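> need a structure here:
(3 chains)
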Amino acid sequence: MSYYDIDAILTDAEKIPCTFQLDIPDLGYLDNTPSQPLKAGTKVNLPLWLAEMLVIANTGAADNKTFVTFDLPRALGNDVVQALKADPRAVPLRDQSAHFYGLATHMLDLSEEQELGSVLRKTFVTRAAEISLHARKVGSIGHKAKSKGEGASEMGSNLGLGGAGEEFLRGLDEWERSLFRKAHEGAKAGKDWIESVKKN
Amino acid sequence: MALSLPPGLTHAEVSFLAEMETVTIVPRQRLDSIDLLSGKTPSLRPPHRVDLSLWLALLLKKQRRANIVPPPWLHPASLSEIVQRETKENPTAFSEPPPVPSRPNIHQPGIAARQNNNETVQLSPPFQASCTADAPAGYLPYHWMEVAEMLLTFAGDDMISLGSAGEIRGLLRDLTEVRAAKMRDSTKTLGADGENVGGVVSLRGVGAMELAENRGFILGVVDGMRRIGASVEATRREQEEEMGGPGGGGGGGGRGDDGDDDSDEDMGI
Amino acid sequence: MPMYGDLGNKLALHAKRTQNLAHLPPYQAELVRAVTREVRDLDKEVTTLLEPFQGSFDPAADHATACTLLVNHLSMRRNKRCLLAYHRTRTDKLEEHVWNGVDVLDLVAQQQAGGGNGAAISGEGGASSSLSPQEEDYVRQYGDLLAAYKGQWTDIDLTGSLEPPRDLFIDVRVLKDAGEIQTEYGYVAAVHGSSRICCAGH
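Numbering: from 1, shown residues only, chains lettered A, B, ... in the order given. Below you'll find the model as predicted:
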């Protein structure tokens, strides 16, 4: 991940719920009321690139107050965490956020949610094994799935994976899509190599 | 920018390197020694067996100037023994690579010494004679997949002495599948919690082609785990630092940011 | 609710799409202009905000203004990152084309001339080039740079195939007439300009 990383930039556009801690006359537009001051206690969804600094920045006041406080976004809310604990494979992460893990790691940086971290680790690893399985299956059917560009949903469709597999692939977030791509490319390169030996 | 390939060796490169493996042939024609960059080839005198590089052996085979002696590990009995080991005896680990040649040490009787002080024996996979007629049975060498595929494709008739090609291919396919499943599950222990955080299972004994196939995926999983764990790790280090004390030593050294933050600051903004 | 940074995000989305395409989609001149305009507006606002303080602004004394300034600053920084990343993604793509030997400028010319065909590729850009004038210049100069770099080694083709040879025989270009050459396959006549002779792969 670098300064120029497009995925990181898009992840930074994910919004989280924030609450302003003081009145700010000029920022009314953030709450869609440009002509009025933003009142303390107003709840606004702010993108990470803005929220992260406002949460950390110190107002310089004696009570060490910050400009805004934040809550965990719905994508990482209790419902989702409980569902992930029950069966990580059954949750379409993409419906929560296309940048689910990216968003989650930002939130882990901001808050010390020990439990969330361990649920995420378990989730990622369990789903990764499943992703690898599908990537190999797709390869073995021999369809020339476009490994770039089109989403995993299209890779999975029409490949005879069956509804469940297709549904699972559709629910992959960006990190997982990239994993799928890598696993699929590996399996496909193996098949291509065997073909090339025969041709030689 | 110039190198458009992913990190690690590609399948084609692995396959190319596998052609440097030494195999045993029975020449059918005389051929004098050829002076190559890699050294002189042995001169061929039928019907004496000689060991030479796979690429040369395959060339001679295609020209009907030699027959290739199959390596013992490619025998169906050897392969089914390995399948048995991979599925029944140790369903979670990969089977061991071929043992390193050793002999008794004259100065310290009872302690085996590796033969690498003897210049004729090389230990690294491309030069270790793991595919010749003298190679041990029951072990898969580093280039097992490539060598097996090439031998069956180009010297299938020489492999008949082992058993039917279909039987051998079937066993190889079983092995490939069993081991691919292990590869898939190799990262599962990474998710383990708390003190006994697991790692990727040992990849000892995994072949070059299998590595090429799974490198991208496994590195992807490991990197994802690292990123998810980065903030927890940073907190742990801070705590250690605050405590100072003896515990601090362990976490030291690798201090500093993990370089994974948004590098806005790097731009000097 | 339009917000500062929204336009920049559009650029990032364009860049993401570009990464997955084989060709280079049209340069988003309008969007780039809009984002830079936004940065200028933000900068103007900062100047206006700071004017009454005569250069002696104390953030601790005026939290509200400090927060507004921070939001403005972050928005400008965000826009800058989107702009740079968008252009970087495109130059990466252009460099890739140059290394692969695709004549980008020629392609552009074809698109322009192609009319009916070109319209499908250049999409909303109509008949205009998919590269900005600066990008065209960049490609030209990068191409020159690569040619100069490659020129140092006449016997190695830096942009050649990276596949290891699968055959023991490879094609070579014959530079000097060497008459007839005997190989184990019989005779190969090697004359100037023709190209076939064997080399061992290992």
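> What residues does B:Ala149 make contact with?
Wrong residue type there; residue B:149 is Glu, not Ala. Shown in contact with B:Glu149 (CB atoms under 8 Å, 6 or more residues apart in numbering or on different chains): A:194, A:197. Bear in mind the C-beta positions are built from the backbone N, C-alpha and C, glycine included.
> From B:Pro71, how far off is it?
Distance of B:Glu149 to B:Pro71, given as CB to CB, to the nearest Å: 13 Å.
> next one: A:Ser178
39 Å.
> do the same with A:Ala57
The value you get for A:Ala57 to B:Pro71, if CB to CB is used, is 67 Å.
> Those two: who's more crowded?
B:Pro71 (28 against 16; other CB atoms under 10 Å in any protein chain shown).
> Does that one touch B:Pro136 like I think?
No: using CB atoms under 8 Å as the test, B:Pro71 is too far from B:Pro136 to be in contact (9.4 Å).
> how about low-confidence regions in the stretch 1-150 of chain B?
The stretch 1-150 of chain B contains residues with pLDDT under 70 at B:1-2, B:101-127.
> repeat that for 90
Counting by pLDDT under 90, the low-confidence segments of the stretch 1-150 of chain B come to B:1-8, B:20, B:33-42, B:46-47, B:53, B:89-93, B:95-137.
> What's the separation between the residue in it positioned nearest to chain A and B:Ala155?
Residue of the stretch 1-150 of chain B nearest chain A, by CB to the nearest CB: B:His11 (4.0 Å). Per CB to CB, B:His11 is found 21 Å from B:Ala155.
> next one: A:Ser132
34 Å.
> How about A:Asp192?
22 Å.
> Tell me, how many residues neighbour the closest residue to B:Leu162 other than its chain neighbours?
In space, and not counting its chain neighbours, B:Leu162 is closest to B:His75: 5.0 Å by CB to CB, 6 or more residues apart in numbering or on different chains. By the measure other CB under 10 Å, the count of residues near B:His75 is 19.
> My read is that B:His75 contacts B:Glu167, right?
No: the pair B:His75 / B:Glu167 is not scored as a contact, 10.3 Å apart, by CB under 8 Å.
> A:Asp192 and B:Ala155: who's more crowded?
Higher neighbour count among A:Asp192 and B:Ala155: B:Ala155, with 21 against 12, using other CB under 10 Å.
> residues contacting the more buried one?
With CB under 8 Å, 6+ apart, B:Ala155 has these contacts: B:58, B:61, B:67-68.
> which of those residues sit farthest apart?
Pairwise distances across those peak at 11.8 Å for B:Leu58 and B:Asn67 (criterion: CB to CB).
> Name the helix or strand of chain C that has the lowest mean pLDDT.
helix C:116-122 (a mean of 42; mean pLDDT, DSSP states H and E).
> Could you pull out the buried residues of the helix or strand that comes right after it?
Next helix or strand after helix C:116-122 toward the C-terminus (DSSP states H and E): helix C:133-151. By 16 or more other CB atoms under 10 Å in any protein chain shown, the buried positions in helix C:133-151 come out as C:135-136, C:138-139, C:142-143, C:146.
> Please apply the same query to stretch B:137-154.
B:138-152, B:154.
> Chain A against chain C: which residues are in contact?
By CB under 8 Å from any CB of the partner chain, the residues of chain A that approach chain C are A:3-7, A:9-10, A:12-13, A:22-27, A:29-30, A:32, A:47, A:49-50, A:53-54, A:57, A:59-61, A:67, A:148-149, A:196, A:200.
> shaky segments in chain C?
C:1-5, C:20-24, C:51-66, C:99-130, C:151-202.
> can you pull out the strands in it?
Assigned by DSSP state E, the strands in chain C fall at C:179-183, C:186-190.
> Domain ranges for chain C, per the record?
C:6-151, C:163-202 (automatic domain parsing).
> Pick the most deeply packed of those.
The highest average neighbour count among those, using mean count of other CB atoms under 10 Å in any protein chain shown, belongs to domain C:6-151 at a mean of 16.
> Got phi/psi on B:Asp35?
Phi and psi for B:Asp35, reported as degrees, to the nearest 10, are phi -90, psi 100.
> check contacts around B:Leu171.
The contact partners of B:Leu171, by CB under 8 Å, 6+ apart, come to B:76, B:79-80, B:83.
> Who wins on neighbours among those residues?
B:Leu79 (25 neighbours).
> Which single helix of chain A contains the most residues?
The longest helix of chain A (DSSP state H) is helix A:114-141.
> quick one: average confidence on that helix?
Average pLDDT, helix A:114-141: 85.
> other SSEs contacting it?
In this structure, helix A:114-141 packs against helix A:78-86, helix A:100-110, helix A:152-156, helix A:162-170, helix A:174-199, helix B:165-185, helix B:208-243, with contacts taken as 3 or more CB pairs under 8 Å, 6 or more residues apart in numbering or on different chains; DSSP states H and E.
> Make a markdown table out of those and add mean pLDDT.
Shown next, in a markdown table, are the helices and strands packed on helix A:114-141 (pLDDT from 0 to 100):
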| stretch | mean pLDDT |
| --- | --- |
| helix A:78-86 | 93 |
| helix A:100-110 | 92 |
| helix A:152-156 | 45 |
| helix A:162-170 | 81 |
| helix A:174-199 | 91 |
| helix B:165-185 | 91 |
| helix B:208-243 | 88 |
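> one step back: please tabulate the contacts of B:Leu171 in JSON lines, including the columns secondary structure and distance to A:Asp87.
Shown next, in JSON lines, are the contacts of B:Leu171 (DSSP: H, G, I helix; E, B strand; the rest coil; distance: CB to CB, whole Å):
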{"residue": "B:Pro76", "secondary structure": "helix", "distance to A:Asp87": "42"}
{"residue": "B:Leu79", "secondary structure": "helix", "distance to A:Asp87": "38"}
{"residue": "B:Ser80", "secondary structure": "helix", "distance to A:Asp87": "37"}
{"residue": "B:Val83", "secondary structure": "helix", "distance to A:Asp87": "32"}
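> Which one of those is nearest to chain C?
B:Leu79 (26.6 Å).
> Find the nearest non-adjacent residue to the closest one, please.
Excluding its sequence neighbours, the residue lying closest to B:Leu79 (CB to CB, 6+ apart) is B:Leu171, at 4.0 Å.
> Equivalent analysis for A:Leu84, please.
A:Thr123 (4.9 Å).
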